[in-house]
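Participant: take this sequence and fold it.
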Amino acid sequence: MNVLKTFVATLGSTSEVKKMNINSIYDIKINALDGKPIDLSEFKGKYVLFVNVASKCGFTPQYKKLQELHEQYQDKLQVIGLPCNQFGNQEPGDAKTITEFCEINYGVSFLITEKIKVKGNQKHPLYVWLTEKNNNGVSSSSVKWNFQKYLLDDNGNLVDYFFSTTSPLSQKITKHLK
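Facilitator: Take a look at the predicted model:
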């Protein structure tokens, strides 16, 4: 029964993406943490690293390394943090709380989006695209925990995804940016 629910949820998500006429990552709509729309097409020509983030997680110190990655490769890479409260309720804060936490504790200056869902029936279209091969053309995956990373190349194609245990400064990621 659980497998059937997952299958049905995946079919529903994929059909929603098709209904919304999403042909590439650049067609997806998402807002910044302050509520302003983000035009992902502004990042054409740059690699993009999407990371579902949380402020009360064992992996939260990765914010520091994400900031370092952002600073080191900002001419080639856009880091985008996506707050998510689906794993152990580890991102309970509102937009103001999240902004203050990131700035005060980690000096985050990379882009942070509105809080979203990265799994389940209400998964944001961005994660439907990132996690389903029939949308991204590369592979299917599921988000296992906070700080899972998805790297796109400078043409908006999925390069690979990396579990939470992979450091943002890992050679697995940086080798694509050199």
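
Participant: phi, psi of the most centrally placed residue in the chain?
Facilitator: Taking C-alpha atoms, centre = their mean as the criterion, residue 50 is the residue nearest the geometric centre of the chain, at 3.1 Å. Dihedral angles of residue 50 (phi, psi; degrees, to the nearest 10) stand at phi -90, psi 130.

Participant: verify the contact between it and residue 150 for me.
Facilitator: Yes. Residue 50 lies in contact with residue 150 (C-beta atoms under 8 Å); the separation is 4.5 Å. Quick note: C-beta positions are derived from backbone N, CA and C, even for glycine.

Participant: name the residues contacting each of the two.
Facilitator: residue 130 (C-beta atoms under 8 Å, 6 or more residues apart in numbering).

Participant: gap between stretch 118-137 and the chain center?
Facilitator: 11 Å (C-alpha atoms, centre = their mean, to the nearest Å).

Participant: hang on, the earlier thing: if I look at the residue nearest to the centre of the chain, how far off is residue 161?
Facilitator: Noted for residue 50: a distance of 9 Å to residue 161, by C-beta to C-beta, to the nearest Å.

Participant: same question for residue 140.
Facilitator: Per C-beta to C-beta, residue 140 is found 10 Å from residue 161.

Participant: for the two, indicate the residue with more neighbours.
Facilitator: Neighbour count, other C-beta atoms under 10 Å: between residue 140 and residue 161, residue 161 has more, with 20 against 12.

Participant: buried sites along the host helix or strand of that one?
Facilitator: Here residue 161 sits within strand 158-162, counting by DSSP states H and E. Within strand 158-162, the residues that count as buried by 16 or more other C-beta atoms under 10 Å are 158-162.

Participant: now the helices for the chain?
Facilitator: For the chain, the helices defined by DSSP state H cover 2-19, 62-73, 95-106, 125-131, 133-136, 171-174.

Participant: list the buried residues of the fifth one.
Facilitator: So the one you mean is helix 133-136. 135-136.

Participant: now that helix - C-alpha only, CSV.
Facilitator: Extracted C-alpha coordinates of helix 133-136, given in CSV (Å, rounded to 0.1, in the frame of the first residue of the first chain):
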residue,chain,number,x,y,z
LYS,A,133,14.0,11.6,-14.3
ASN,A,134,11.1,12.1,-16.6
ASN,A,135,11.4,15.8,-15.8
ASN,A,136,15.1,16.3,-15.4
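
Participant: run through the neighbouring helices and strands of that helix.
Facilitator: helix 2-19, helix 125-131 (3 or more C-beta pairs under 8 Å, 6 or more residues apart in numbering; DSSP states H and E).

Participant: report the residue spans of this structure with pLDDT below the cut-off.
Facilitator: For the chain, the stretches with pLDDT under 70 are 1-21.

Participant: many thanks, have a good one.
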